[in-house]
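S.K.: the amino acid sequence is not available; the structure is as follows:
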């Protein structure tokens, strides 16, 4: 693996210029219309709910793809390119590049309880737990491993029975189900013609909007043995829950290529060599984040 301390100074300067140029063509999350007309539950809607509950989690064991990712927070805007590799429920790896030359800037690995970042620009290894605080520090969105990794598959966990649906709204060919939960309600947006989930909202127990996701541009992944269409475009919006005007953190992911169930996914991690180790919890900012 390439370490920038071995590069000539002029190449290092080109890399840093590329990083500073990486925000051109910035893309924000797209607006999503949500139904406003409340309707009563009937047999067809009940059958649709049961169907999308069974299909909410695609039959994918692993995934690999190449994606453009735009991250927007109150403190920073950035665009990166990433090779995304996911062993579902076990680990997620992202090799990130930035700038017009596409230089690799970081190799990241996330598991349900750990987060490692090999900073290729400064040749250092950042380690920590994969708690929401560290996930926000690295990715700009304060969520845990499960929500973050499943979002890349367009997967939404729906294990509540039909009796948990407290409200149904409809507008044209889309319908939303509000599902009551102990940890807060969730709202699932469904395309009734294509019979798939196109949006998801998560609320806190006191009714505040915590997260919203949009899934668009569905298609069959290449190779592998996948039977489900997956979204090639994903919006993730997180709110900090403050009263008044909450801060919004968002991420847009657009895949160029996507493969699933290959069983040979390269889920390893780059050898950090003799890179010094730093604890993420003590880092105020990351070298590619633009934070000060």
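M.R.: Structure received. These numbers were taken from a predicted model, which means no experiment stands behind them. Residues are numbered from 1 along each chain as shown.
S.K.: just for the stretch 101-250 of the chain, where's the confidence low?
M.R.: Along the stretch 101-250 of the chain, segments meeting pLDDT under 70 span 101-102, 223-227, 241-247.
S.K.: for it, just list every one of the strands.
M.R.: 103-110, 115-119, 124-128, 165-171, 174-179, 186-191, 196-203, 209-219, 230-239, 248-260 (DSSP state E, counting those that start in this stretch).
S.K.: report the angle between the first one and strand 124-128.
M.R.: Same thing as strand 103-110. Relative orientation of strand 103-110 and strand 124-128, computed by axes from the mean of the first three to the mean of the last three C-alpha atoms, to 10 degrees: 30 degrees.
S.K.: same question for the longest one.
M.R.: For strand 248-260 and strand 124-128, the angle between their directions (the same axes, to 10 degrees) works out to 100 degrees.
S.K.: and the next helix or strand past strand 248-260?
M.R.: Remark: after strand 248-260, the chain's next helix or strand is strand 277-279, criterion DSSP states H and E.
S.K.: direction included, what does that following strand pair up with?
M.R.: strand 124-128 (parallel) (DSSP bridges).
S.K.: which residues does the partner strand contact?
M.R.: If you take C-beta atoms under 8 Å, 6 or more residues apart in numbering as the criterion, strand 124-128 is touched by 114-119, 134, 272, 275-281, 283, 286. Backbone N, C-alpha and C define where each C-beta goes, glycine included.
S.K.: same check, this time on stretch 157-171
M.R.: Contacts of stretch 157-171 (C-beta under 8 Å, 6+ apart): 33-41, 45-46, 49-50, 52-53, 56-57, 150, 175-181, 185-186, 188.
S.K.: please narrow those to those residing in helices.
M.R.: 45, 46, 49, 50, 52, 53, 150 (DSSP state H).
S.K.: return the members of the residues you listed classed as buried.
M.R.: The neighbour-count test (16 or more other C-beta atoms under 10 Å) marks 45, 49, 52, 53, 150 as buried among the ones in helices among the contacts of stretch 157-171.
S.K.: contact partners for the third one?
M.R.: What that stands for is residue 52. By C-beta under 8 Å, 6+ apart, the neighbours of residue 52 are 158, 188, 190, 195, 196, 197.
S.K.: change it to 10 Å
M.R.: 156, 158, 175, 177, 188, 190, 191, 192, 195, 196, 197 (C-beta atoms under 10 Å, 6 or more residues apart in numbering).
S.K.: likewise for the fourth one?
M.R.: Residues in contact with residue 53, defined by C-beta under 10 Å, 6+ apart, are 156, 157, 158, 159, 160, 161, 162, 177, 179, 188, 197.
S.K.: how about those in JSON lines, adding distance to residue 68 and neighbour count?
M.R.: JSON lines is the format used below for those (distance: C-beta to C-beta, whole Å; neighbours: other C-beta atoms under 10 Å):
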{"residue": "156", "distance to residue 68": "23", "neighbour count": "21"}
{"residue": "157", "distance to residue 68": "27", "neighbour count": "13"}
{"residue": "158", "distance to residue 68": "29", "neighbour count": "20"}
{"residue": "159", "distance to residue 68": "32", "neighbour count": "10"}
{"residue": "160", "distance to residue 68": "34", "neighbour count": "15"}
{"residue": "161", "distance to residue 68": "39", "neighbour count": "10"}
{"residue": "162", "distance to residue 68": "38", "neighbour count": "14"}
{"residue": "177", "distance to residue 68": "31", "neighbour count": "25"}
{"residue": "179", "distance to residue 68": "32", "neighbour count": "20"}
{"residue": "188", "distance to residue 68": "27", "neighbour count": "21"}
{"residue": "197", "distance to residue 68": "23", "neighbour count": "22"}
